[in-house]
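Asker: What follows is a protein structure lacking sequence information:
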């Protein structure tokens, strides 16, 4: 396992590894650039949670827990859902109304709070431990 979170780690976590994983889109759902941007937002979210200890570097997010995987996925879904909602238009193809985006938006609306809770619970526990260690310093 890598010391730092990688794009491949995120792709494996959400099964977005190859076109066959996304039969409707026939391509990767999230590009490497989108994942890199989500790393930045994940670090920013972590750094904003009190207590303000344990500064995360988006270029080197630790890979020893799922904390930053969940934060990254949460931000991928938030960005994708935001884009889809802005462009959510029904259209008719061959006499059938297509509402694929509505199903994907509903899925992300469920998954964002799921990943947010996992991320925030882990981040708060980690930051509390860092803060306690700093408060007591080295013993012995």
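Answerer: Okay, I see it. Quick caveat, the model's predicted, so the values are computed rather than measured. Residues are numbered from 1 along each chain as shown.

Asker: and residue 53, what is it in contact with?
Answerer: By CB atoms under 8 Å, 6 or more residues apart in numbering, the contact list for residue 53 reads 127, 130, 131, 134. C-beta coordinates here come from the backbone N, C-alpha and C atoms, glycine included.

Asker: roughly how far apart are the last one and residue 53?
Answerer: Looking back up the chat, that one is residue 134. Distance of residue 134 to residue 53, computed by CB to CB, to the nearest Å: 7 Å.

Asker: Could you do the first one as well?
Answerer: When CB to CB is applied, the distance between residue 127 and residue 53 equals 6 Å.

Asker: confidence score at the nearest residue to residue 118 once chain neighbours are set aside?
Answerer: Once flanking residues are discounted, residue 118 sits nearest to residue 70: 4.2 Å by CB to CB, 6 or more residues apart in numbering. Turning to residue 70, the model gives it a pLDDT of 97.

Asker: Mind telling me what element residue 70 is part of?
Answerer: If you go by DSSP states H and E, residue 70 is part of helix 67-86.

Asker: Quick one: distance of that helix to the chain centre.
Answerer: Averaged C-alpha coordinates place helix 67-86 at 6 Å from its chain's average position (CA atoms, centre = their mean, to the nearest Å).

Asker: Buried residues in it, which are they?
Answerer: Of the residues in helix 67-86, 67-81 count as buried by neighbour count, 16 or more other CB atoms under 10 Å.
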